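Colleague: Here's my sequence, what's the structure:
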Amino acid sequence: MGTVLRVDHGSDLINQYAQTFREKFVFRDFYRNFPNHRIISVLNGSATKYNINVALNIHRVDFISASGHGDYDAFTGHDGKPIWHATEPMGPFKNKIVHLLACDAGAMLGRSIVEGGGLAFWGYTVNFTFRHFRNPPSLDGDTLAEVFLKMDAIIDRGVLVGKNSREIFSSVSNYVAYMLQQSTSFTDPIDRGLLLSNFVHLACPSMWWGDKAAVIK
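Modeller: The predicted model follows:
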């Protein structure tokens, strides 16, 4: 049985999209889909450094899955307030798999997490970029944004069902290939270029960021 720390907030539209689709593809019906695990959620206004540290101190967490804004050396939570920085001690990540849906955080912060004892890191070394419709009926009904955020959700689902990094990377790669080569509903060259860029700049254990064999029990 593994323990998952989920961090999501909706401080702005971008983070609202991330939270909405992470809920749709990963965390909705969590216990039915992933009955071997339990989840601790730090959401919205509670997504602060203090509350996250309290959760990590109280619980033996195996997998951190978080969305927010990022920089090459930092990850931020509610209202853009800092949560983790590459120059801080990396003890909170020791023996954990970490997935950050955030721009740039896979660069210096991701490397620091692994060098500091994190088992495996998933994230992005440049901006994670997606487009969305101007006036969708609802955020989770935005089929354009869904294409991009579904790619990222494959990482979480793979970790939660016990796949290793090679298996997860293969699943992500197959999804991107399908959308680029076979999908008749995703044809705009700008959108296709953005999806490919997100994939190319994915930081993962299959390349450098941690143990290729790391899995959540």
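
Colleague: Pretty sure A47 sits against L5.
Modeller: No: contact criterion C-beta atoms under 8 Å: A47 and L5 do not qualify, at 10.9 Å. Every residue, glycine included, has its C-beta placed from N, CA and C.

Colleague: how about the helices in this structure?
Modeller: Taking DSSP state H as the test, the helices found in the chain are 13-22, 30-33, 49-58, 108-115, 143-160, 165-181, 189-200.

Colleague: How many neighbouring residues does F30 have?
Modeller: 17 (other C-beta atoms under 10 Å).

Colleague: can you pull the contacts of it?
Modeller: When contacts are counted by C-beta atoms under 8 Å, 6 or more residues apart in numbering, F30 touches 37, 39.

Colleague: quick revisit: so A47 and L5 - more neighbours on which side?
Modeller: Counted by other C-beta under 10 Å, A47 and L5 do not tie: A47 has more neighbours, with 27 against 21.

Colleague: ok now do that one, which residues does it touch?
Modeller: 7-9, 68, 77-78, 83.

Colleague: and it, how far is that from F75?
Modeller: Here A47 is placed at a distance of 11 Å from F75 (C-beta to C-beta, to the nearest Å).

Colleague: who touches both of the two?
Modeller: Common neighbours of A47 and F75, using C-beta under 8 Å, 6+ apart, are 68, 83.

Colleague: Can you pull the phi/psi pair for the closest residue to A203 other than its chain neighbours?
Modeller: If the residues on either side of it in the chain are set aside, A203 comes closest to G106, at 3.1 Å by C-beta to C-beta, 6 or more residues apart in numbering. Backbone torsions of G106, given as degrees, to the nearest 10, read phi -70, psi -10.

Colleague: contacting residues for G106?
Modeller: 100, 121-125, 201-203, 209.

Colleague: Just send the residues you listed back as CSV, with distance to I190 too.
Modeller: Formatted as CSV, those follow (distance: C-beta to C-beta, whole Å):
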residue, distance to I190
L100, 25
F121, 29
W122, 25
G123, 23
Y124, 18
T125, 21
H201, 17
L202, 19
A203, 24
W209, 28
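
Colleague: Of those, which is the nearest to S185?
Modeller: Looking at the contacts of G106 and their distance to S185, the nearest is L202, at 22.8 Å (C-beta to C-beta).

Colleague: contacting residues around the residue lying closest to that closest one once chain neighbours are set aside?
Modeller: What sits nearest to L202 in space, not counting adjacent residues and going by C-beta to C-beta, 6+ apart, is Y124, at 6.2 Å. The contact partners of Y124, by C-beta under 8 Å, 6+ apart, come to 70, 101-106, 198, 201-203.
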